[in-house]
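Novice: The following comprises the amino acid sequence and a computationally predicted model.
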Amino acid sequence: MRGRRPAVIALLLAAAVLVGLPATADASQPAVADAPAANSSFDRMSSFTADYVLDAEGGATVTETIDYVFGTSSGAKHGIYRNIVTRQAVDDPNDKSNEDTYRYYALDLESVTSPTGAPTQAQLTDQSGGQTQIRIGDPAVTVSGSETYVLKYTWPTS
């Protein structure tokens, strides 16, 4: 199982690059990206912080804090969507079959909270492209203005 640690670190660094965070191997420091000032009529993520804690077996516990501003031009919103990579293509030099090889990462959503009081109901759905989508919000409640969501999930080794 120790061989999975480099793969998990590579996946976390790739995720950081995809969301525009500094790609650093120092997992003890949270990565933070602040969006530039934007037109208030459009939805936008005003900041994103991710804290990655790797365990001895190669798994990871991730805590993300997402500050989201719901714009005025997009109509009623009920929450946010968060897509997370849970399947990744890998090169296997020992595989002579020429078939694609994938590494799968189980995603265990531990909690979603909101210090601003936004609804935090969560539903996970597998998406094409090797992603799991987390829908956060309440279909019966609309949100507006600025809201903060804190997601905690694990990628266990299995």
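Specialist: Right, received. Where do you want to start? Numbers count the residues shown, from 1 in each chain.
Novice: Run through this structure and note the low-pLDDT ranges.
Specialist: 1-39, 95-99, 158 (pLDDT under 70).
Novice: In it, mark out all the strands, start to finish.
Specialist: All strands of the chain, identified by DSSP state E, fall at 31-34, 44-54, 60-70, 79-85, 87-90, 101-104, 108-113, 122-127, 131-137, 145-155.
Novice: Show me what the spatially most central residue of the chain bridges to in the sheet.
Specialist: What sits nearest the mean C-alpha location of the chain, by C-alpha atoms, centre = their mean, is Ile84, with 4.6 Å. Judged by DSSP bridges, the bridge partners of Ile84 are Thr132.
Novice: Enumerate every residue touching Arg87.
Specialist: For Arg87, the contacting residues are 102-105, 130-131, by C-beta atoms under 8 Å, 6 or more residues apart in numbering. In short, each C-beta sits where N, CA and C put it, glycine included.
Novice: of these, buried ones?
Specialist: 103, 105, 130 (16 or more other C-beta atoms under 10 Å).
Novice: For the last one, which non-adjacent residue is spatially closest?
Specialist: Right, the one you point to is Gly130. Distance criterion C-beta to C-beta, 6 or more residues apart in numbering; nearest residue to Gly130, sequence neighbours excluded, is Arg87 at 3.2 Å.
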